[in-house]
Structure formats: structure tokens, C-alpha cells
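J.: Just a sequence and a predicted model for now, questions to come.
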Amino acid sequence: MTALLSLSGLTKAYPGVIANDNVSFDIGPGEIHALLGENGAGKSTLVKMIYGLVRPDSGTMMLHGEPYAPPEPRAARASGVAMVFQHFSLFDALTVAENIALGMEDAPDTADLTQRIIDVSGKYGLTIDPFRMVGDLSAGERQRVEIVRCLLQNPKMLIMDEPTSVLTPQEVEVLFHTLRQLSEEGTSILYISHKLDEIKALCEHATILRHGKVVGTCVPKDETAKSMAEMMVGSKLRTPKKHYTRHGAALLELHNLWLKSKDPFGTSLKEVTFNLHEGEVLGVGGVAGNGQDELLLAISGEELTPAHAIQLKGEDIGQLGPNARRERGLLTAPEERLGHAAAPDMSLTENAFLTGAMRQNLTSNGIIKTAATRAFARDIIEQFDVRTPSSENAARSLSGGNLQKFVIGREILQHPEVFVVNQPTWGVDAAAAADIRHAILELAKNGAAVLVISQDLDELMEISDNIAILSEGTLSAPRPAQGITIEQIGLMMGGTEVEHV
Amino acid sequence: MDFSALSPVALIVSLMVAATPILIAAIGELVVEKSGVLNLGVEGMMIIGAICGFIVAVETGSPWLGFLAAMAGGAAISFIFAVLTQYMLTNQVATGLALTMFGLGLAALMGHSYAGIKPPKFGTLDIPFISDIPVIGPLIFSHDYMIYISLMIVAGVWYFLTRTRGGLVLRAAGENHDAAHALGYKVIRIRIMAIMFGGAMAGLGGAYLSLVRVPQWTEGMTAGAGWIALALVVFASWKPWRIILGAYLFGGITVLQLNLQAAGANIPVAYLSMTPYLVTIIVLVIMSADKKRTSLNAPACLGRIFHASS
């Protein structure tokens, strides 16, 4: 069997880092090939070279035994290479059909295209309505749009970049079914992920990247998730241990909270009710865009609600702003690190001041206490192992994982009584994620009430006492995390499907 | 006060003349904003167009050549903006404001020796008999050519944006430039072409002022028309047909206040000449009160700097 795509010696360097260092491997026709690696291991750069977005400094690629060096994505698509992106490749304010037309060379006219979309989506079980605005679609539906866009061009090779991170477990099943069907028809698939169970279930071969180099290949079926993870990280992993403890009094109570989303494509909260107790970690699962951001805004005080809808230690705080809530011991860490949790162009010291000013007593008569602020920032950097040259570096200059450790550490060091965090380990590498989870558990062990909003179900099962699911703005009743299965959570996420069980 | 002097037909005809400069400039700016660029230099590009068109029309005796020169002048000055914002990644708001100041100054310099000259007369449509029909004739069949051309430009822009692939790509660049780039579209090239089209249209609108509406050259003669054109784009919520509606509305108010002044209305002149601008502010407030609607129609990447990172 000759390889469909064969890479040899691909190297790409950026100032200061070698993103890919002499990467070589082959993908056979109809093969589902996994590309594994941590964030920053060079997976994205590699697929961008295959897709023609980035040109390699050296090395060659062969497609069907012919030299292949696409100067731009157009050329890659013409050669039969298609790519489903994880982020930013759809246009919210355009319809499904318009989005698909944009990804095609010489797109047919609207009527013809619509018919072809319906045909392809029927054939592969990917139902979509060509006339809907993409902004109104769920994450799973958006992904279908991307896949259909690729399939309409009869690709010989499909690149999937982290396709399942935004899907419910049931949607993942549908996706795998489609991918297997494509593979049987002879389409090769390059599957990028760091979810090892999925790779075990789906892929025939895997290539593992670390620091831009190929550090190993394996047959995922013969490996355990742990052994692959250790190849990826290059060291033993420390998994935080959860201690189930008795909980104290309710610290944060939400009563029947309705909140209309300010974002035209956002989700309004409907009747959200829960109690969060001393020492408890409550996990809120669900696919992003189902009201997670709105829930965080309501609790942090960025959006005001009726006073009695949110109570902290029995006091109505719905009409208080973020600083008043911080003063009372309610601290939050939003999802978007750059721009929401931290001001990108301000130094870490200044960012530490922004939320810490009140509880750490960093001002006197309106003048910033420089030395105390810097000491606080250094404290965070030291205790949470934030890798930065100094506390005076801009937040923007930190990697995602390091900035996340800083943002979480900044709040935890202020000794919150109630701590709310949205997507604590999104886009963070495995080692940093383990540190962050460990810190959250420590906080709860010391008596704080913690609300963790996350899309990562494995994470929620690992650290939560109770789990609730936010779906289309409605929060399910919390259930004990011990003994719950991924399937049950998946059904809770589907919203209506709960009743059929 | 004597209102009998205000004949409705004459009023409508003169409102179309008053509206055409901002109509043309606004449709150009709409294309620019649809591609994701906010060019606040419309005023500067208009006045450059006004003087370029005026000089060439006077020197050659042909208003048509004047209009072509105005488009070239507007596009040329907008190219400065394009290079600064697209390649050197300068802030679009500051650069646009600078462009306005620069344009006003440069136009004053160029037009120094042209003050007080009459430009050659620009032709009007004259179809035997049909143009002489009462009411319908003057209303529909005897405007100057540029009024018809301006309406055709709007129709053309509408067709381009909604019905062609080029228009779809342009809207995509304005909606999500990272995604457009990832799909392999040349965001910077698209935006530069859009900016230059906007410059050409602003220039054309400016030349209509100096060659047809006024018609003569005076320093600073655009007098805020560029700013109204910018407001019109928001008023129209980025939809081409609504530009016509908005432009004729503003044109109507301008003409009405002039006529009221002429008719000796018992209101201080200052109040009357404020009205078009006051109405602009009121309309903008009403438009943006419905946050959901405007934010849905506004191009999502409007004014954001695009940097093609790998």
C-alpha cells in the first residue's frame, strides 16, 4: 500500500521557537491517523503546512507519490485536501449556504448548492438547514456545516482539528459514525486531538509530537490512555485526588434567576436555581453557548439581576456590582483570559491590582501601594508556578496556560468564600491543568464553596461533588458526581432526552 | 410667512440634488465598512474629489472628465489610508480623522487660484415631450445625469454585495477576517480595493458638490457632508437601499430649511441650519437604542485591525 500523503523532514521555525523539527510520517488511503500532542507541541503548525496556510522552511510532502507544496489553501483544496477547523472559520451573520459557498472553489449557484447540501447531509446523517444563520446554530451544528463544506469537494484527505471539544457525547458518536463511513469510502483522515479515549476508539495509527518533534508512533488500540498521555507529556502525570467530604451551610443561593442575554447570539438564562455549600465543588457542565457566560456574568455582578435572585450568605446581592461582591467574599474568574480576566497590555502587577485592590488592601487614599501590589503579584507567580520573566511583563506575553494559572491564582490567594470559575483549564496543557484542578480542590477543602463551569466532562467528574448541566439556559438539578456516567451526563445535556430515559 | 413659494415639485427636485453628494459618498463608505474597515476620512476624500473634479473640469471644459478625475483623486488619497491601516496597522479611527484634516488642507492649497470661477455646465436629461410632461417630467425625466448614475451605483452595489461571489467574499472579510484568511482569501487585498472604491465614490460625491450643486469652488465647501455620509451608513444599517431613503431624508431636511429661510420663516437662521445635523444625531440615537438590531447588521470585524498571524 502506497501512502496517500507522506511527509518527510518538515521543519518550520518561528522567532524563538522551532514549531516543527524534522517531522516525518505517512498516511495511507482510507486511514484514520491521529496526531497527538500537548498545546504548543506543533500540531497546528504541521496541519497548516499541509493545508497551505504556512510554508515549511525545509522538508517535502508527497501526495499520491507526486511532490506536493500548496502555496495557499486554495491549491490544497484543489488537490483534495480539506480541513475542518476548530475555531474561527465560520461567519455568524451569513447563512449556512453562504458559508459553504465561501469554502468552495467555483461554487454553484444558490439553488444547485442548496440541493447538494441537502444531498450530502442526508447521505452522511448530518442534518442541516441551508438557509439558517450560522450564528443561531449550536456548536455541533456548526461543525456539521464545516464538514459538509469539506465533503462537497470530494476530499481525498480530511484534516480534523480538535473536532470533539465542543460536542456532547451523543454528537461525538454521530461524528465518529460519519468519519468511519468516510474512511470506508477511501478518504484518509488526519485527526488531531488530545482526548485519548476518542483516539483509542477511532484511530488506526497515531503519531505523537512533543516540542515540535515526533517522539513516537503507536497503534492506539494497543495502548492505554495513560501510556499515550505519558508519551505526550514526557513524564508521569499527577492526578489530583478528590476527597468527598460533608458540606456546611449554603453560601451562595440562586433563586429562580431569569436573565436576558445582551449578546444577539447568546442564550438567556431561564429559572436557574441552585444552592452552593461550604466545602462543595459544584460542576456545571454543558456545551459552551448554552448560557455559561451569562451565568458567570450574573454571579460576578457584571449583569445585575433582581436583588433576591442571588443571595450570598443570606444577603440579597443581585443589585450589587462586582466590587461589592468581591468585598463580601465572592470572587470569579471568567473564561476569556485575555480581555476579560486580564487586561492584555497591562503588566501582571497591574492585573493583580485590578481584582485584588480591595481584599488585599492595595491602596491608601486612592494611591496604589506599589510595593505591596508587586509583592502580591510575585506571590501569585511563585505559588502557582507561573512561568514569566518578571511580574512586570504584559499579560499578553504569557502563554495561555501560564496566564490561566495567574488568573486563577490571583483569585484563590484572595481567600474567596465563594469562587466561581468558567472553563478553568480550557486550552491549558495537561500538567498546568492538573495544577489548577489541584488548587481548586485545595480551596474547597479549606471550606470555600466552588462553582466550576466547564465543557470538559472528565474534568467535572474528577473534581466535582455534584454535577448539574446547563442546556439552553436551563440548569438541571445537581446530582452527586460519584457514580454518574458520561452517558447519563450526555443525556442531561440533550435537554429533552432526559424524559425518555 | 409665505409658504406658497414652496412648490412641492421644485422642492423634491432640489432635495434630490442636495441628497446626491452624500448618497454617493455613503454608498462608497458602506462598501468599505462591509469589508470591515472604518474610514472616517470621508469628508477629506470628498473635498479632494471636489477640487480635483473642479480643476479638471475647468481646465478641459468637460464635466465628465472632471468627475473621472474626482474619482481618481478620491481613490488616490484613500490609498494613503489603505497603506497606513492595512500594511502598517495604524489605528483606523485616528488615521481616518487625520485623512480628513489632510484632505481639507490639501484641497484648500490646490484650489487657491480657482475661487470664484464658474465650472462648465453639466448636462441634464432632456427627452423631447416626455421631459416636458408636467409634474412627472421634472420629477423623473429631467434631472442631471449624475442623479441617475448615483441610483445605478446603489443598485450595482446592492447586486454586487448580495448576488455575487465577490460580494460574499467581501462581506465575509468584514464579518470574520480570521476565518476568511483561514479559507485562503486575501483579506488585505479585498480591504484595500474596498477602501479605494470608497475613496472614488467620496470623490465623485465631492465633485457633484463643486460642479453641479453649488457650482463653484470655495474652501471647506463640503461643510460636514462627509460626516453625514458616515452617519447615513449606520442609519441605513449597512443596507444599500436604505442609503437612498436616508440620503433623500437628509437632503429633504436641508432643502426645507433653506426654503424656510428664503420664505422668511420666523425662526433664527442658526436653528434652521442646525436641523440636518440635529436630525442626524436623533436618528443615530434611535437607531442604536435597539442594540440587538444594529449589532446584528454591523459587520462584526468593523474597525478591527487584521494581522495575518500564521
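T.: That came through fine.

J.: For the stretch 151-300 of chain A, just list every one of the helices.
T.: Using DSSP state H, counting those that start in this stretch, the helices of the stretch 151-300 of chain A run over residues A:169-184, A:196-202, A:225-233, A:292-300.

J.: so which of the ones you listed gets nearest chain B?
T.: Ranking the helices of the stretch 151-300 of chain A by their distance to chain B (criterion: CB to the nearest CB) puts helix A:292-300 first, at 14.9 Å. C-beta here means a position set from N, CA and C on the backbone, and glycine is covered the same way.

J.: For that closest one, name the packing helices and strands.
T.: The elements that helix A:292-300 packs onto, with contact taken as 3 or more CB pairs under 8 Å, 6 or more residues apart in numbering or on different chains; DSSP states H and E, are strand A:250-259, strand A:269-277, strand A:330-333, strand A:418-422, strand A:449-453.

J.: all strands in the stretch 401-501 of chain A, in order from the N-terminus.
T.: Taking DSSP state E, counting those that start in this stretch, the strands of the stretch 401-501 of chain A run over residues A:418-422, A:449-453, A:466-471, A:474-475, A:479-480.

J.: hang on, the earlier thing: generate TSV for the helices and strands packed on helix A:292-300, with distance to chain B and mean neighbour count as supplementary columns.
T.: Compiled in TSV, these are given as follows (distance: least, CB to the nearest CB, whole Å; neighbours: other CB atoms under 10 Å in any protein chain shown):
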stretch	distance to chain B	mean neighbour count
strand A:250-259	15	19
strand A:269-277	17	19
strand A:330-333	24	24
strand A:418-422	22	25
strand A:449-453	25	25
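
J.: give me the number of residues near the residue of the stretch 151-300 of chain A found nearest chain B?
T.: Residue nearest to chain B within the stretch 151-300 of chain A (CB to the nearest CB): residue A:264, separated by 5.1 Å. Neighbour count of residue A:264, defined by other CB atoms under 10 Å in any protein chain shown: 16.

J.: same deal with residue A:171?
T.: A count of neighbours around residue A:171, defined by other CB under 10 Å, yields 22.

J.: Now the closest residue to chain A within chain B: closest residue in space that isn't a chain neighbour?
T.: Closest residue of chain B to chain A, CB to the nearest CB: residue B:184 (3.4 Å). Counting by CB to CB, 6 or more residues apart in numbering or on different chains, residue B:184 lies nearest to residue A:73, which is 3.4 Å off, once chain neighbours are set aside.

J.: Can you give me every residue that contacts that neighbour?
T.: Neighbouring residues of residue A:73 by CB atoms under 8 Å, 6 or more residues apart in numbering or on different chains: A:51-53, A:83, B:182-184.

J.: Let's see if you can find the most crowded of those residues.
T.: Counting neighbours by other CB under 10 Å, the top entry in the contacts of residue A:73 is residue A:83, with 27 neighbours.

J.: gap between it and chain B?
T.: Distance of residue A:83 to chain B, computed by CB to the nearest CB, to the nearest Å: 8 Å.

J.: For my notes, confirm that residue occurs in a helix.
T.: No. In this structure, residue A:83 is strand, not part of a helix, as judged by DSSP: H, G, I helix; E, B strand; the rest coil.

J.: Quick check: the gap between it and residue A:45.
T.: 14 Å (CB to CB, to the nearest Å).

J.: again with residue A:34
T.: Residue A:34 is 17 Å from residue A:45, where distance means CB to CB.

J.: remind me which residues of the chain are low pLDDT?
T.: Since you didn't name a chain, this refers to chain A. Counting by pLDDT under 70, chain A has low-confidence residues at A:1, A:16, A:39-40, A:86-88, A:165-166, A:235-246, A:427, A:494-501.

J.: Actually, chain B is the one I wanted.
T.: In chain B (pLDDT under 70), the answer is B:1-6, B:290-296, B:309-310.

J.: Repeat the analysis, applying 50 as the threshold.
T.: Counting by pLDDT under 50, chain B shows low-confidence ranges at B:1, B:310.

J.: helix or strand right after the longest helix that it contains?
T.: Longest helix in chain B by number of residues (criterion: DSSP state H): helix B:8-34. For helix B:8-34, the succeeding helix or strand toward the C-terminus, using DSSP states H and E, is helix B:42-60.
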